[in-house]
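> A structural model of the following input is requested.
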Amino acid sequence: MGVNRFGRALRTTPGSALDGREHVVDGERRTRHRVARSPRPRGGLWWIDAAIVVVGVALAISQFLANRIMSAFDSGVYFGAASQFAAGHLPYRDFVFVQPPGALVLLWPWAFIGRWTSTSVGFELARAFMVVVVAAVAVLVSRLLRPHGRSAALVGGLAVAFAPTAAFEMTAVKLEPYCLLLGLAGAYGVIQAQGRDPRTTRRLIVAAGVALGVAGAVKLWALLLFLALVVCVWRIGRSLVLRFVAATGAGFALFAGPFFVLAPTQFINQVILAQLLRTHNAQGTVTLMNRLSQLTGLRNTPLALNGVEIFAFYGLILVVSVLGYFLGGPRSVSDDFFLIATALTMLALLASKEFYNYYGYFLAPLMVGQVVSSVSRVARAVRSRESAGRSASRARHRRTSLRLAAGLLIAAGLGAGAFSGSRLVQVDAGPNPPTLIDHYIPPGSCVIFDDAIQGILANRLVAASSSCPVIIDSGGLSMTVGGAHPFKSAALARVWRTDFLAVRYVVLAGLTPLGIPWTGALYSWFVAHFHVVFNGFTYVIFRHD
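Sure thing, here's the model as predicted:
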């Protein structure tokens, strides 16, 4: 029984056109209301989180069994800086560090253990904990996708866990997983704040802001997630935006403030100016096509996408996103987050002056969330139209076909991720274990490493004397002292010569320009005052005469 616009009753029989339209309209209203409000995930779905964690940990274990270190140079820089910090050396004042200090605080427990055991032990613990961080990132993406259903949550989480770019991070000591973990935790807090009572909403928004601030204190890329979440908070309540921004600033100041106070000029020069003035990769500029290929994580594998394949891959993602935006009905807050964060991150990575293959990991969880949410929205629109104009049997047949196709695509994607991850280990291997460094260099000696990972694995990175010069990031030193042309910089050459004079041993990754400007004068002076103790495949040990 219905009513017309004058309030009079209309007679309807079961199955009539009017009765069907009323049920469809009512169902569509309920669907729009349910999606727009981004309901909190229902309980009892712990098995999704467990499945994602098990898959991610299993893949990481396979990487550990290969006994290789991915992104060895950066891993050495970050854990080496944390080790020096645990030994009492202050970043920015006592040694150059071109990243915010949040990572040093988060890595400090493992560096502290390494201080009382060996840096190699602490480093392995930090690598093992990175497995947990990377798995937690996948779980958070899954949780952000739960409003679209269990299938979307499971597929999204597994896709992030199996992303080829995750192989660069899961067994290394990197910044991107920590930054993403905190940023996505902030996004989850914002999504959870919707529909709560005002007091709980304010608390969740503040907590989310603090998490974003700490993420920014780990890596400044968190600014991209922050901008996306400002829009999301605005949707929930305009009065909450200022509170969110203030909480973000407080979170950043909590971790970065003390380091800034102790060395303000050096902090600004190394963390802010050095990053803004970065020119290009040490090996030269990276083309747009090369970047697009590397962002997939498949660049160095037999599954690498090039040429037409690249345009087809990103074109498909664009088409799905456009269809999801225009056909999916009202957008939830989580939908807006994935869309804005993915767009900002993609533009930033394509426009950045420096670019490396592992940068793709920062994009992968966001793009997976955007694609899965868009596909879910398109599927919901298709189901809505089918329920209005198709028979139940044809609708079931169509849904079965879609699920089969989606299952095949998911299986292919997961297989590609696992295969590419195993091949990436063979391509991007770390250094050979420095088994002879501890044989030629006594414990506690004053040593300079141009690649900190060697000193970490040999437990020779931290000297017994506090007067020993500390060089952790030779590349960062060249950024802050060398200017636009570091390999020709006389000022940078003087810094290295001064430090060489103060040490007994030098361990170099060969006489290559790894942050050291080997000018004619510096090279001639060095070979006159240092002689080779050991010449290995990945490093050379020199002793001061």
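
> and residue 543, how many neighbours?
For residue 543, the count of nearby residues is 17 (other C-beta atoms under 10 Å). For every residue, glycine as well, the C-beta is placed using N, CA and C.

> residue 141 now?
By the measure other C-beta under 10 Å, the count of residues near residue 141 is 28.

> so where is the stretch 351-500 of the chain shaky, pLDDT-wise?
385-435 (pLDDT under 70).

> how about the strands in it?
Ranges of strands within the stretch 351-500 of the chain are 447-449, based on DSSP state E, counting those that start in this stretch.

> again with the stretch 1-150 of the chain
With DSSP E, counting those that start in this stretch as the criterion, the stretch 1-150 of the chain has strands spanning 2-3, 9-10.

> quick check, distance from stretch 210-224 to the centre of its chain.
Computed by C-alpha atoms, centre = their mean, to the nearest Å, the chain-centroid distance of stretch 210-224 equals 11 Å.

> can you start the count at 30 instead of 1 from here on
I'll keep to 30 as the first residue from here, and by that count the last item is stretch 239-253.

> end to end, how far does that stretch reach?
One end of stretch 239-253 sits 15 Å from the other (C-alpha to C-alpha, to the nearest Å).

> quick check: mean pLDDT across that stretch?
Mean per-residue pLDDT for stretch 239-253: 97.

> ramachandran coordinates for residue 117?
phi 100, psi 0 (degrees, to the nearest 10).

> show me which positions of the helix or strand where residue 374 lies end up buried.
Secondary structure from DSSP states H and E places residue 374 in helix 362-380. Across helix 362-380, burial judged by 16 or more other C-beta atoms under 10 Å covers 362-375, 378.

> for the residues you listed, name the two members farthest from one another.
Across the buried residues of helix 362-380, no pair lies farther apart than 362 and 378, at 24.3 Å, counting by C-beta to C-beta.

> give me every residue that touches residue 467.
By C-beta atoms under 8 Å, 6 or more residues apart in numbering, residue 467 lies in contact with 487-489.

> looking at the residues you listed, which are in helices?
The helices, defined by DSSP state H, take in residue 487 from the contacts of residue 467.

> can you flag the buried ones in the contacts of residue 467?
Of the contacts of residue 467, these count as buried by 16+ other C-beta under 10 Å: 487-489.

> now do the same contact list for residue 251.
Applying C-beta under 8 Å, 6+ apart to residue 251 gives the contacts 208, 211-212, 241, 244-245.

> let's go with 6 Å and repeat that
Neighbouring residues of residue 251 by C-beta atoms under 6 Å, 6 or more residues apart in numbering: 208, 212, 244-245.

> from the residues you listed, which is closest to residue 497?
Nearest to residue 497 among the contacts of residue 251, counting by C-beta to C-beta, is residue 208 at 31.4 Å.

> can you tell me how far the closest one is from residue 285?
Per C-beta to C-beta, to the nearest Å, residue 208 is found 13 Å from residue 285.

> which helices and strands does the helix or strand harbouring residue 182 pack with?
Here residue 182 sits within helix 179-190, counting by DSSP H and E. Using 3 or more C-beta pairs under 6 Å, 6 or more residues apart in numbering; DSSP states H and E as the contact test, the elements touching helix 179-190 are helix 75-94, helix 148-173, helix 389-418.

> what is the burial count for the nearest residue to residue 499 once chain neighbours are set aside?
Once flanking residues are discounted, residue 499 sits nearest to residue 124: 3.9 Å by C-beta to C-beta, 6 or more residues apart in numbering. Here the number of neighbours of residue 124 (other C-beta under 10 Å) works out to 21.

> what do you get for the one 4 residues further on?
Neighbour count of residue 128, defined by other C-beta under 10 Å: 23.

> quick one, phi psi at it?
When read as degrees, to the nearest 10, the backbone of residue 128 gives phi -120, psi 160.

> for the record, mean pLDDT for the strand or helix carrying residue 352?
Assigned by DSSP H and E, residue 352 belongs to helix 337-356. Summarised as a single mean, pLDDT over helix 337-356 is 90.

> now that helix: how far from the chain's centre is it?
23 Å.

> return the set of buried residues in that helix.
Buried residues in helix 337-356, defined by neighbour count with 16+ other C-beta under 10 Å: 339, 342-343, 346, 349-350, 353.

> next one: stretch 500-520
Judged by neighbour count (16+ other C-beta under 10 Å), stretch 500-520 contains these buried residues: 500-511, 515, 518.

> what sits up against stretch 207-227?
Applying C-beta under 6 Å, 6+ apart, the external contacts of stretch 207-227 come out as 66-67, 69, 135, 162, 165-166, 169, 172, 230, 233-234, 236-237, 240-241, 243-244, 247-248, 251, 254, 258, 261-262, 265, 362-363, 366.

> still on that earlier bit, just the residues contacting the helix holding residue 182, thanks.
77, 81, 84-85, 167, 170-171, 174-175, 394, 397, 401, 405, 439.

> per-residue confidence at the spatially closest residue to residue 78 that is not a sequence neighbour?
Closest residue to residue 78 apart from its sequence neighbours, by C-beta to C-beta, 6+ apart: residue 168 at 5.0 Å. Listed pLDDT for residue 168 reads 96.

> how far away is residue 168 from residue 251?
19 Å.

> what does residue 399 give?
For residue 399, the distance to residue 251 equals 18 Å [C-beta to C-beta].

> what's the burial count for the closest residue to residue 550 other than its chain neighbours?
Distance criterion C-beta to C-beta, 6+ apart; nearest residue to residue 550, sequence neighbours excluded, is residue 522 at 7.2 Å. For residue 522, the count of nearby residues is 22 (other C-beta under 10 Å).

> please apply the same query to residue 494.
By other C-beta under 10 Å, neighbour count at residue 494 equals 9.

> please apply the same query to the one 4 residues further on.
Summarising burial for residue 498: neighbours were counted as other C-beta under 10 Å, giving 18.

> which residues touch it?
Residue 498 makes contact with 528, 531 under the criterion C-beta under 6 Å, 6+ apart.

> got the phi/psi numbers for it?
Dihedral angles of residue 498 (phi, psi; degrees, to the nearest 10) stand at phi -60, psi 150.

> quick one: it from residue 476, how far?
Taking C-beta to C-beta as the measure, residue 498 and residue 476 are separated by 10 Å.

> cool, and residue 174?
49 Å.

> who's more crowded, the two?
More neighbours surround residue 174 than the other of residue 174 and residue 476, with 28 against 25 (other C-beta under 10 Å).

> could you find the closest non-adjacent residue to the more buried one?
Nearest non-adjacent residue to residue 174, counting by C-beta to C-beta, 6+ apart: residue 185, 4.3 Å away.

> for residue 208, same thing?
Spatially, and ignoring its direct neighbours in sequence, residue 208 is nearest to residue 248 (4.1 Å; C-beta to C-beta, 6+ apart).

> looking at it, that neighbour is touching residue 241, isn't it?
No - applying C-beta atoms under 6 Å, one finds residue 248 not in contact with residue 241, separated by 11.9 Å.

> okay, the buried ones among the contacts of residue 467 in CSV with distance to residue 563 next?
CSV is the format used below for the buried ones among the contacts of residue 467 (distance: C-beta to C-beta, whole Å):
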residue, distance to residue 563
487, 12
488, 17
489, 13
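
> now flag whichever of these is closest to residue 556.
Nearest member of the buried ones among the contacts of residue 467 to residue 556, counting by C-beta to C-beta, is residue 489, at 22.6 Å.

> for that closest one, phi and psi?
Residue 489 adopts backbone torsions of phi -130, psi 10, taken as degrees, to the nearest 10.

> so what's residue 570 up against?
Residue 570 sits next to 469, 536, 562-563 when contact means C-beta under 6 Å, 6+ apart.

> and if we set it to 8 Å?
With contact set as C-beta under 8 Å, 6+ apart, residue 570 has these partners: 465-466, 469-470, 534-536, 561-564.

> just the ones in helices from those, please.
Of the contacts of residue 570, the ones assigned to helices by DSSP H are 466, 469.
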